[in-house]
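Trainee: structure here, sequence nowhere to be found:
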């Protein structure tokens, strides 16, 4: 088979170490194309960048286009540069056909011969371009307005894939992300360091949490982290807040008394009575102000000015007044609040973890903690590949994490 | 300790077989009370009802009240009858303090000396009473309007717990709901019988499904069930519909080509392009009408007039036009559509299964199918105890189910 | 259907609370028989015993026999007493046909009108009787010798099922044994209390452990418990001992350096070199004596005179010299060493946990700790129902357990 | 830091595609060495071999040796060739210190300037050399005899790592080995093709199975495969054979009646009675001959002359007469019986799967089927990397597999 249509692409960076070159070559041949490596220089040290110039060929122009589009996501950029192509939205709430679909990797587009960095990097968006201002940003499908200019096709777009060596930095402990037989002490120490570094450097650590934090009795540990200023944002659902408030008011979580582990009968109503009481007061915030709510995670958020966001779901009872019941509105607010997040800890929630994972750019470090390996697997399957999974039990995890943080604080004095 | 405060209660039904009597006695003593069984008659045969008259005593009136409230949920009704107590809602969107919180069991209230059956039975609601019309129905917290009359306390409320022997009918195959080492053939045969019986008797079978139905290649089996008229309702989320439409348009699901199992690179964008195309058309329904969507689950629903409900969640891309993004609105519509459901099959979705489980009365048979035991455990932990869990793989499950249905159809001819 | 054949049986104990009566009635009707409750007295308080006299009837003598045999295991004893029936073994290594198969519940047999308690209670054995000495003991199938007298049939055998209230004593925290959303702090505190009580009262605590104890870095915690005298027996396999010794000699476990979590390449050979070195020395014991092995679990066992038993399996490398490679010999030695065990902690091993679970009588408290719910489910499925399952992560579990023990020690001073 | 000590190594094969080069470079720098790629040629097509000549340097000779040893396992061979070094065993049952520990990859050693292929390739063994005959074979530690010559160190040993592209052949369907959301139909079809090809070409397919094959009612499917001649070897334990025979004699498995799914009380004794009966007869084989055993897996093995091997474990009841109770003896017999195995299907057993995985060379295709992802993860963690994991339910898997085989047979006619 003679391959008539060719294009030269180049890759730079840790293309061997981070497996980009093998990946690109694999894509080319898997899609029915062929390649010839024209030049390759490989960095001496582990951190040194490498370079490869590869000629890609395919039996048809269409096939070649498809291959180039695919490998572009892995950082292979055509040598012959061209500007990106723009098409105006012909309808509100949907992109033009052929729109460029973003990854969560750092991306640039070429406008008037200049490379312009994409703002608000987020996967599964379109690229909204303001040609006059020479700026570009990610735009969710629902937010598209008639006449806005969007990038179409892969020409003039370049992606800088996040190398393994960078993302692994500080989190080199996990080979197989779902192994339950690996030592966790090191991982927990590194997370503690990350929280301390984030606070010291003025970064933002986001906790995304599920109700198991309360059910397992981990709330006191999380409260300590909130009081000490190690968590700067909290994303959760109605369930976490409800059981936290149930625990503060009735001393039970899902009808289980956490101090002695007894099942308190009739306790199954407690969560509903807790929601009802807050709804009667008007808001969680007001319940804290009037002294009705005196402890717990939500209390500490309000007392310590940690912004929290409660996103609704169809399984919610109530819900609590602060819960955002419209999912698009919740996504929009999450999007705004993650802009400055530098570290993200996801604990015991699949739904909220995947939702946040969809919004975060690839360079934000994410640790996902769950006793069920399937949550970590699901996150990895969905392309949130910067995620480090820690399959462990929630309460002992938080207990050990607080212990490490306090030990580090003490030794820093 | 002398227990001064006493009350006589009676239990009827399968109180031994269904463990109600042990449960009630256990509650009494666990809560610090005492009991004396005054009379007990036990049914001869397995199906014969039993009767027990029990004197409950407690050291304080408050304690006695609490005990009576708890055992009332298990069907223990005070011998001395009184009407239920009503309080008007003093605020919209919240119940009066002390409201009676419903279970998913058949419930009656006493109004003017008459027992009135509760309509729209649903757990975690209040009981809205129209004294003039002598009617009562479950009301969700958010729907409470100022001035509506709600039952307060447990007096005048009686619950008829669903005995094991009834709920187990036809589904006696599962002892430990999460065992993966039990034979599944019998269970699948019984589900097939249930679907056939439902269709024959004009009942409504509801399928609550997750996107794994499409990822695992089970969509063709489900399509067959839809075409044959065995599924009368479909509840799902944006993900199932999206990957189904992606599959219909691009032949991939999450970038996996289902006919040969190959990973098609660039396929990760397909689901987004599928959503975008439907949004450009306006709706899934219109896409079917204009011939753009020609196969798949959503196509079959529309072609066969099977009502479907797509509930939104914060992890949704797009979403598709038919998706209800407000979670309260979605709950409300689900509530209305389950009124006449007589059988419910939940497959590979934790979120939607729990949401529906919250809405269904205890007497609707529910089978929950998931390869991950934790979903079944979560449903059971949350009190949807009528649920039978089947820990198995989705595609072979559907394949075998369709096989059984077809075999039964053939032998019925 | 007229049931001609009848027999009266009686039940005593916590027959309502521990669900024995419902279970017995269920068995009777499920097997095609019928019952009539002639008399029932139910204990006032939770701990008071109850009594029931039940007439069981069946359509054939054979069916009646089968029903009586079944309900005998749940403690239903015929009112008309008779001695047990003995048959001599006609072959070595096998029981006579119709042999009585033991449960792990306390059992008595009737010999010459006297009830004799069974020694060495163990499930799935035969009952070896010495009529002259009026003694009886459990005998494994392989140990049967020609001419020995064994009980045949159910007549003259009575079982005293372990009531829930007793077994739950101190471990009431677990309802659904596989829930991962329950608080663990209480459970861990109770285990610590059990270890302290066992030591104080001169009982024997047996630890049954898998290699994940070492892989997860829990060995230092276990070493502490061994040094403090809280573990009086250790059962494990070649893998735990190997990785413990690998860790002591090379500082790695399965090639993972536990102090920093790095994967040390070439480390996959370390476990083999560790075994080889011990085999060259002759035994683990000798390696400790000559100072070649200076730390770790095996070291602490030897230094603190804690008997250990290493049972072989077909996946073993090496194995280490002390490993008992014949499985029958290993069973025999385990059987002897568990005679005086009063508390058993099973951690991260399915194979050894089931093996020990098969040998222990029902009244020995067992806690099974594993991050994988399936291990706990498997134990429960196999009839070791005295087992409390704790689904949690091994290292934090041990860390918390040691913390609790030390806290209790301090507060006791 | 100047690195004084250097050595040139070369790699050939699919060093990019199968990630060997990145892996080698990673090892070098991770261990504190440095590298310089002197020459690199990369194959054009996916299947074309590549070549790299790399200069490795390290700060000390010892460090260099260690690095060379590590990368040798990944196929990096020193350019300057030397013979392997031999040391005589100074003790029986243990290797000389510094012994070369084998992988499961194809390996050659250099003897008198000639490369000699290693026989009986198996991981975690030593290399026994007969210098006179110029032959070499793997030898397990326990089998070492005094005076035998073993390879010491890595010099003169070269490993040919199995490239991904080869091992993936026919099994490219799995990216993340534990995903439960992938389509299984393709995988099952490929396994069916493998069984058919194995039979046609006179290969040997080994089934390694656990008792869940019987519990789940899959035995009839397996019997069909045995009768049709698609399974040429069976490895199992006492449990599979016992429950199979229980099923044949009593119609139950672990007390569950498989035809209707009912729990038959008293059935928990059936497995013990089944073992006892076979022990009374003398052997499973004799029970078939005298017509006592008339169906089931063991029956089909004996009737169809499929060799079976039952390996003992400490959790066994009985055991059955054919069970090999000594684990070393069992390993030895397994080792001999796998010599000609070309395809291996492991179903629902962790213990036996790992044991067999330890013995098989890397080029034998292995498919591991289990509903519990942890079994597949454990196999992968232990270096049996040729294993493809299929997380699915056993009975539907076998049902679909037999269906595919029959379909292919029909279409071949």
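Mentor: Arrived safely, thanks for sending. Source: prediction; values computed, not measured.
Trainee: any part of the helix ranked longest in chain A near chain B?
Mentor: Ranked by residue count, the top helix of chain A under DSSP state H comes out as helix A:394-412. No: Helix A:394-412 lies apart from chain B when judged by Cβ under 8 Å from any Cβ of the partner chain; the minimum separation is 13.7 Å. For the C-beta atoms, the positions are set from N, CA and C on the backbone; glycine is no exception.
Trainee: next SSE after the helix or strand of chain A with the lowest mean pLDDT?
Mentor: Least confident helix or strand, chain A: helix A:164-168 with a mean of 40, by mean pLDDT, DSSP states H and E. Counting by DSSP states H and E, the next helix or strand C-terminal to helix A:164-168 is helix A:185-200.
Trainee: report the buried residues of that following helix.
Mentor: With burial defined by 16 or more other Cβ atoms under 10 Å in any protein chain shown, the residues of helix A:185-200 counted as buried are A:185-192, A:194-196, A:198-199.
Trainee: now swap in stretch A:229-241 and tell me
Mentor: A:230, A:231, A:232, A:233, A:234, A:235, A:236, A:237, A:238, A:239, A:240, A:241.
Trainee: just the strands in the stretch 101-250 of chain A please.
Mentor: Taking DSSP state E, counting those that start in this stretch as the criterion, the stretch 101-250 of chain A contains strands spanning A:106-111, A:114-119, A:126-130, A:135-139, A:149-152, A:157-160, A:205-209, A:233-237.
Trainee: mind telling me which of those the model trusts least?
Mentor: Ranked by mean pLDDT, the strands of the stretch 101-250 of chain A end with strand A:157-160 in last place, scoring a mean of 88.
Trainee: can that one be found next to chain B?
Mentor: No: using Cβ under 8 Å from any Cβ, we find that strand A:157-160 stays clear of chain B, coming within 13.0 Å at best.
Trainee: show me what that strand is packed against.
Mentor: Packed against strand A:157-160 by the contact rule (3 or more Cβ pairs under 8 Å, 6 or more residues apart in numbering or on different chains; DSSP states H and E) you find helix A:61-72, strand A:106-111.
Trainee: report the rounded mean pLDDT for stretch A:405-413.
Mentor: In the prediction, stretch A:405-413 has an average pLDDT of 91.
Trainee: flag every residue of the stretch 51-200 of chain A that's near chain B.
Mentor: By Cβ under 8 Å from any Cβ, the residues of the stretch 51-200 of chain A that approach chain B are A:66, A:69-70, A:73, A:91, A:93-95, A:97, A:99, A:101, A:124, A:141-142.
Trainee: for chain C, what's its nearest residue on chain A.
Mentor: residue A:396 (2.7 Å; Cβ to the nearest Cβ).
Trainee: that residue touches residue C:400, doesn't it?
Mentor: Yes: here residue A:396 reaches residue C:400: they are 5.8 Å apart, a contact under Cβ atoms under 8 Å.
Trainee: tell me which of the two has more neighbours.
Mentor: residue A:396 (27 against 24; other Cβ atoms under 10 Å in any protein chain shown).
Trainee: spit out the contact partners of the nearest residue to that one once chain neighbours are set aside.
Mentor: Spatially, and ignoring its direct neighbours in sequence, residue A:396 is nearest to residue C:396 (2.7 Å; Cβ to Cβ, 6 or more residues apart in numbering or on different chains). By Cβ atoms under 8 Å, 6 or more residues apart in numbering or on different chains, the residues touching residue C:396 are A:184, A:392, A:393, A:396, A:397, A:399, A:400.
Trainee: also residue A:290?
Mentor: Per Cβ under 8 Å, 6+ apart, neighbours of residue A:290: residue A:281.
Trainee: what about it, distance to residue A:246?
Mentor: 18 Å (Cβ to Cβ, to the nearest Å).
Trainee: now residue A:363
Mentor: Residue A:363 is 38 Å from residue A:246, by Cβ to Cβ.
Trainee: equivalent analysis for residue A:224, please.
Mentor: 20 Å.
Trainee: between those two, point out the one with more neighbours.
Mentor: residue A:246 (26 against 16).
Trainee: burial measure for the closest residue to the more buried one other than its chain neighbours, as a count.
Mentor: Spatial nearest neighbour of residue A:246, chain neighbours left out: residue A:274 (4.1 Å); criterion: Cβ to Cβ, 6+ apart. Other residues lying near residue A:274 total 26 when counted by other Cβ under 10 Å.
Trainee: I'd guessed residue A:274 sits against residue A:245; true?
Mentor: Yes: with contact defined as Cβ under 8 Å, residue A:274 reaches residue A:245; the gap is 4.6 Å.
Trainee: ok, back up a step: overlap in contacts of residue A:396 and residue C:400?
Mentor: residue C:184.
Trainee: what helix or strand does the residue nearest to residue A:246 sit in?
Mentor: Going by DSSP H and E, residue A:274 is in helix A:270-281.
Trainee: helices or strands up against that helix?
Mentor: helix A:238-250, helix A:284-289.
Trainee: what's the domain layout of chain A?
Mentor: A:1-80, A:81-161, A:170-412 (automatic domain parsing).
Trainee: got those domains as a markdown table, with distance to residue D:413 columns?
Mentor: Converted to a markdown table, those look like this (distance: least, Cβ to Cβ, whole Å):
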| stretch | distance to residue D:413 |
| --- | --- |
| domain A:1-80 | 34 |
| domain A:81-161 | 48 |
| domain A:170-412 | 41 |
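Trainee: of all the ones you listed, which lies closest to residue C:372?
Mentor: Across those, residue C:372 has its closest neighbour in domain A:170-412 (6.9 Å, Cβ to Cβ).
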